[in-house]
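Q: no FASTA, just this:
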C-alpha cells in the first residue's frame, strides 16, 4: 500500500501516529475517508462553473445564456460516457446528483427566459447597455462617437416605455392584473438598477483613459445615468407602490429599506406551478405543490389538537391563543437575552450527551459565538438566527414601545427554548461544522434547504418525542414554531402558485399561528425578498419529516443507534434526504434514477 495511491489512508495513519506521540486519542472518524469515483469530475465542474460565473455575469445577456447552456449540455454529454455500473455507492449517488443538477439548470434557464420576456417591455433599453458592455468585455476597440449616439438614445427609450406603462395604469384592470403588473415592474426595476450599475462600470473603464471617449461620452453618460435613476424611481414608486429612493442614490443602490408598520415593500417574485415542479424535482420531492399544502394542513390540525391539550393544562381550556398570550409574556428583561440563549444551549448540549444522541466534537462546542441583531435587520429577521454565529433579536433603545414589546414577546423563553438548539447544537452550527469537514465537494450540488433547514427542524420533532419540553408552556412554545412551519408551507407555495398575496400571508401568520403583526410582516418579507430559493420556507418541516421518516426506518427498527444515525447523516453533507437514505440503506441505484420516496406516508 503506497502513500501516493491511498493519500487519505496514509494521512489517517500519520495523524494516528502524531496523536499517539503527543498523548492524544487517535480517531479516524474525525477524517473524511469517503471515496467517490465522481469526486474529480464534480470538483472540476465546480471550478469551471465558478470561473464562468465570474466571467459571464452580465444580466440579460444572450451571450451569457448561450455560454451556460453550452456548458451544461457539454457536461451532460460527458456524464453519459461515465460507466455507472461498477461505481461505489458514493459514486452512484454523486452521479445521480450531478445529472439532477444539470437537468435542473437547463430547465431553469428555459423558465427564467420566459419570465425575463415578461419584463422586457419595461426595460426596452436593456440590450443597448448589454451590447456596450459586451464589447468592452470582448476587448473590442471602442467607437466613441457611436457609443455617444447609443447613450443619447437611452433616455428616449425610457420615455417611450413610460408612456406605454402610463397608458396601462390608466386602463386599470382586475386585482390580479394589477398584482401581476407590480410583480413584473418590481422585477424590471431590479433589472434596470443592475443595468445602471453595468453602464457605470462600462463608462468608468474608458473615462479618463481614452481622451476621445471622454470628449464624446461624458455628457451623454450623465444624462443617461440620470434618466435611469428617474426611471427606476418611476417603476418603484408609481407602478410598484414603494416609498421613494433618496435623491442622488448611487448606481447600485438597493430598493428602499423596510419600514416598521409598512408592508408595501413586500412584492416577491412568484415562479408559478411549472417553476415549483422544476424545483421539487431538483430537491427530489415526489409530491405536487398541492399535495404539500394538504400535508401542511394535516400537520396544522395535529398542532392545534396538541395546543388545546397544553392549554387545558395551563387552565385556559381549549382557548390555546390565551395560553399562547401567557407564553409570550414569559420573556426576560432587556439585556438578559444573551445569557438566556447561552443557558438554553448548554441545556441542549447536556441533553444530547445524557441521551447519547450524537457526537459533538469539542471544537464545535468551543467555537460558536454570539452577536446582537440590528433594529433594521429585525424588520426582516424578527427572530434570532444561528450557525457558527448566533445572532440574537431583542429590543434596542431606539425602538418604539410597540416594537420593543413585539420583539420581547416574539422571542420569549418557551419559544426560544424550542429553537436555540435548532440554531446551534445539534442544529445549524454542528451541521455546518461537519459539512466543512466531510464530503465537502458536494457543495457543488447546491446545499438543499431540505437538509440544511430540515436537519435543524428534525431535532424539534425528535426532541418532542423525547419529552425535552417539560412544561405545558414549553410545549406551547414548541407547537407555536411547528404551526409556523406548517404555515410557511401553505403561504409560500400558495404565493408562488398565485393564490395568496403577501398581505394574505401575513394575515395567515397572525390569525392562525398567533404571530405579532410586525413579526409576521418580517417573516413574510424575509420569505419573498429573493435571498431564498422558492422552496426554502417549505423545506423546514418537510425536510424534518423526511429525516424523521428515515429515523423510524433505521433507528426505531434497531438497525442503527441514535448516535450512529445522526453522525452518519451529517457526514453525507447537504444533499437531498432521499439520497442520504440511499446511502445509509445501501439502496440499489440505476443511472436513470428518479425520485420516488413517499416520505410522509412512511413517517406516520
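A: Structure received. On a predicted model such as this, the values are computed, not experimentally measured, just so you know. Numbering: from 1, shown residues only.
Q: Now do stretch 437-452: distance from first to last residue.
A: One end of stretch 437-452 sits 15 Å from the other (CA to CA, to the nearest Å).
Q: Helix or strand: which one has residue 99?
A: helix 89-119 (DSSP states H and E).
Q: Report all helices and strands that the next helix or strand after that helix contacts.
A: Counting by DSSP H and E, the next helix or strand C-terminal to helix 89-119 is helix 126-137. Packing partners of helix 126-137 (3 or more CB pairs under 8 Å, 6 or more residues apart in numbering; DSSP states H and E): helix 144-171, helix 175-206. Any C-beta I mention is one placed from the backbone N, CA and C, and that applies to glycine too.
Q: and the spatially closest residue to residue 185 that is not a sequence neighbour, what are its phi and psi?
A: Closest residue to residue 185 apart from its sequence neighbours, by CB to CB, 6 or more residues apart in numbering: residue 239 at 3.9 Å. Backbone torsions of residue 239, given as degrees, to the nearest 10, read phi -90, psi -50.
Q: likewise residue 385?
A: phi -120, psi 160.
Q: now swap in residue 315 and tell me
A: Main-chain torsions, residue 315, degrees, to the nearest 10: phi 90, psi 20.
Q: For it, the count of nearby residues, please.
A: 10 (other CB atoms under 10 Å).
Q: Pull up the per-residue confidence for it.
A: We have a pLDDT of 97 for residue 315.
Q: Which pLDDT does the model give the residue nearest the centre of the chain?
A: Geometric centre of the chain, nearest residue: residue 532, 3.2 Å, by CA atoms, centre = their mean. For residue 532, the pLDDT comes out at 81.
Q: show me the contacts for it.
A: 449, 526 (CB atoms under 8 Å, 6 or more residues apart in numbering).
Q: pretty sure it belongs to a helix, no?
A: No - counting by DSSP: H, G, I helix; E, B strand; the rest coil, residue 532 falls outside a helix, being coil.
Q: before we move on, back to that, go through the helices and strands packed on helix 126-137 and name the closest to residue 91.
A: helix 175-206 (39.8 Å; CB to CB).
Q: tell me the mean pLDDT for that closest one?
A: Across helix 175-206, the per-residue pLDDT values average to 93.
Q: Tell me what angle that helix forms with helix 144-171.
A: Using axes from the mean of the first three to the mean of the last three CA atoms, to 10 degrees, one finds that helix 175-206 and helix 144-171 are set 170 degrees apart in direction.
Q: so what does helix 175-206 touch, helix or strand wise?
A: Right, helix 175-206 is packed against helix 89-119, helix 126-137, helix 144-171, helix 211-234 by 3+ CB pairs under 8 Å, 6+ apart.
Q: Quick check: which of those helices is nearest to residue 66?
A: Closest among those, once you apply CB to CB, is helix 89-119, at 10.1 Å.
Q: OK, contacts around the nearest residue to residue 353 once chain neighbours are set aside?
A: Using CB to CB, 6+ apart and skipping the chain neighbours, the partner closest in space to residue 353 is residue 360 (7.4 Å). Counting by CB under 8 Å, 6+ apart, residue 360 touches 349, 352-353, 425-426, 430.
Q: which of those residues has the most neighbours?
A: For these, neighbours tallied by other CB under 10 Å; top is residue 430, 28 neighbours.
Q: Following the chain past the host helix or strand of that residue, name the next helix or strand.
A: Per DSSP H and E: residue 430 is located in helix 428-435. Next helix or strand after helix 428-435 toward the C-terminus (DSSP H and E): helix 449-465.
Q: Identify the residues contacting that next one?
A: By CB under 8 Å, 6+ apart, helix 449-465 touches 283, 285, 351, 418-419, 421-423, 426-428, 431, 469, 478, 481-482, 485, 532-533, 535-536, 539-548, 551, 569-570, 574-577, 580.
Q: can you map out the helices along the stretch 201-350 of the chain?
A: 211-234, 272-282, 289-313, 320-328, 337-354 (DSSP state H, counting those that start in this stretch).
Q: Pass me the low-pLDDT residue ranges in the chain, would you?
A: For the chain, applying pLDDT under 70 flags the ranges 1-28, 245-263, 380, 602-604.
Q: per-domain residue ranges of it.
A: Listed by automatic domain parsing, the domain ranges of the chain are 1-31, 37-116, 123-256, 275-306+336-586+594-603.
Q: Comparing those, which comes out most buried?
A: domain 275-306+336-586+594-603 (a mean of 20; mean count of other CB atoms under 10 Å).
Q: thinking again about what came up before, now tabulate the contacts of residue 360 in JSON lines and tack on distance to residue 188.
A: As requested, the contacts of residue 360 are exported to JSON lines (distance: CB to CB, whole Å):
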{"residue": "349", "distance to residue 188": "49"}
{"residue": "352", "distance to residue 188": "50"}
{"residue": "353", "distance to residue 188": "54"}
{"residue": "425", "distance to residue 188": "44"}
{"residue": "426", "distance to residue 188": "44"}
{"residue": "430", "distance to residue 188": "42"}
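Q: any idea which of those residues is closest to residue 142?
A: residue 430 (53.7 Å).
Q: tell me the contacts of the closest one?
A: 358, 360, 364, 424, 570.
Q: element containing residue 371, please.
A: Going by DSSP H and E, residue 371 is part of strand 369-372.
Q: what are the pairing partners of that strand, and which direction each?
A: Partners of strand 369-372 in the sheet, by DSSP bridges, are strand 389-392 (parallel).
Q: Which neighbouring elements make contact with the helix holding residue 99?
A: Checking 3+ CB pairs under 8 Å, 6+ apart, helix 89-119 ends up next to helix 39-55, helix 62-80, helix 175-206, helix 272-282, helix 577-584.
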